[in-house]
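Enquirer: Here's my sequence, what's the structure:
(one chain, ligands or ions: 1)
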Amino acid sequence: MNTMNTTVTKEAAMPDETPVPVQEERPAETIIQEGATVGTPFADDPKFKLRNVEVFYGQDRAIKNISLDIARNEVIAFIGPSGCGKSTFLRCLNRMNDSIDICRVKGDLHLDDENIYDPKRDVVELRARVGMVFQKPNPFPKSIYDNVAYGPRIHGLANRKSDLDDIVENSLRKAGLWEEAKDRLDATATGMSGGQQQRLCIARAIAVSPEVILMDEPCSALDPIATAKVEELIAEMSESYTIVIVTHSMQQAARVSHRTAYFHLGHLVEVNETNKVFTAPEHELTESYITGRFG
Ligand SMILES: Nc1ncnc2c1ncn2[C@@H]1O[C@H](COP(=O)(O)OP(=O)(O)OP(=O)(O)O)[C@@H](O)[C@H]1O
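Expert: Model prediction:
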């Protein structure tokens, strides 16, 4: 455990002049050392190598000098209080922040030794390699088939209709949706349940053969049964893909991830094996969060 104290003691003068110790919470900012993440933030031969990353919205610095590796085929969970920068950092990994005018990203961000922010980089190709599943299922107002076929069509991944059929079937199978969808491929996707729509969005991401799948609170709009299905899927998918998941649910992070990264006020405070984060956190802020003292 980090040995720094969370409290300071100060003497307060009582009317009878007897000094009485007063306990005061030390503000979180005073116990964070910028850029000094505790635990195991680095990996050998990483999929993503991210160094000294800073993200600004206008003048506001939302991500403060974060360095992290994401290993191949690992599931890493980003946790932390609301507004700590989890989604902002996640969106750097496939340049989703590019669409926000006031957003500026600094630092070195590499995917397989290629600079993600190289001005010459094809962002469409990057997002095919690094797919994304959002908080709210967002199928296109098209048929189930066309939702999954959309990416392969625009990326020219199938020459014949039968090839496209195979991609659609395989993607729906991998997303655990084939049995439910095979007899209604022409039905509109928006007529599916929320959980089915989210698995369809996962199938849509899988259809372009990504290497990485980013998930931004993928279960927050789902009921417990649909959530359990998506979590099962994450476990299966981790054999083929690198997965980065932002979640508000510590139980979910504990169930699905190999490593967990704890964010606080734009800092990356701790990264460790998930089991360690939840049973023996090294930093006192991580401990405060997982024991429910704030967040
Ligand atoms: N488009 C934006 N414009 C300006 N500021 C933003 C924008 N998006 C996020 N921020 C700010 O950046 C900081 C980090 O936000 P972010 O959404 O990344 O946090 P988060 O940890 O994902 O939060 P939550 O758990 O609530 O989704 C917050 O202070 C937020 O207000």
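Enquirer: Is the host helix or strand of Ala62 positioned near the ligand?
Expert: Ala62 is part of strand 60-70, with elements assigned from DSSP states H and E. Yes - against the ligand, strand 60-70 shows contacts by Cβ under 6 Å from any ligand atom at Ala62. For every residue, glycine as well, the C-beta is placed using N, CA and C.
Enquirer: Relative to whichever helix or strand comes after that strand, what are the paired strands and their orientations?
Expert: Using DSSP H and E, the helix or strand that directly follows strand 60-70 along the chain is strand 75-79. Looking at strand 75-79 with DSSP bridges, its partner strands are strand 242-246 (parallel), strand 259-264 (parallel).
Enquirer: The next helix or strand after the shortest one - contacts with which helices or strands?
Expert: What it means is strand 242-246. Once the chain leaves strand 242-246, the next helix or strand it forms, by DSSP H and E, is helix 250-256. Counting contacts by 3 or more Cβ pairs under 8 Å, 6 or more residues apart in numbering; DSSP states H and E, helix 250-256 packs against strand 75-79, helix 224-237, strand 242-246, helix 274-279.
Enquirer: ok, and what's touching helix 250-256?
Expert: 75, 77, 79, 219, 227, 231, 234-235, 245, 247, 260, 274-275, 278, 290 (Cβ atoms under 8 Å, 6 or more residues apart in numbering).
Enquirer: Let's see that with 10 Å instead.
Expert: Contacts to helix 250-256, defined as Cβ atoms under 10 Å, 6 or more residues apart in numbering, come from residues 75-79, 215, 217-220, 227-228, 230-235, 238, 243, 245-247, 249, 259-262, 274-275, 277-279, 289-290, 292, 295.
Enquirer: Can you name the residues of this protein that neighbour the ligand?
Expert: 57, 62, 80, 82-88, 100.
Enquirer: mind running it again at 8 Å?
Expert: For the chain, the residues in contact with the ligand (Cβ under 8 Å from any ligand atom) are 55, 57-58, 60, 62-63, 78, 80-91, 100, 102-103, 216-217, 246, 248, 263, 266.
Enquirer: picking that back up, how far off centre is the strand holding Ala62?
Expert: 14 Å (Cα atoms, centre = their mean, to the nearest Å).
Enquirer: and it with strand 75-79, angle?
Expert: 160 degrees (axes from the mean of the first three to the mean of the last three Cα atoms, to 10 degrees).
Enquirer: Next, Glu282: secondary structure please.
Expert: coil (DSSP: H, G, I helix; E, B strand; the rest coil).
Enquirer: And for the nearest residue in space to it that is not next to it in sequence, the neighbour number?
Expert: Computed as Cβ to Cβ, 6 or more residues apart in numbering, the closest residue to Glu282 that is not its neighbour in sequence is Val38, at 4.6 Å. Val38 has 18 neighbouring residues, counting by other Cβ atoms under 10 Å.
Enquirer: Now do the contacts for the closest residue to Cys219 other than its chain neighbours.
Expert: Spatial nearest neighbour of Cys219, chain neighbours left out: Thr227 (4.2 Å); criterion: Cβ to Cβ, 6+ apart. Neighbour list for Thr227: 195, 198, 218-221, 249, 252, 255 [criterion: Cβ under 10 Å, 6+ apart].
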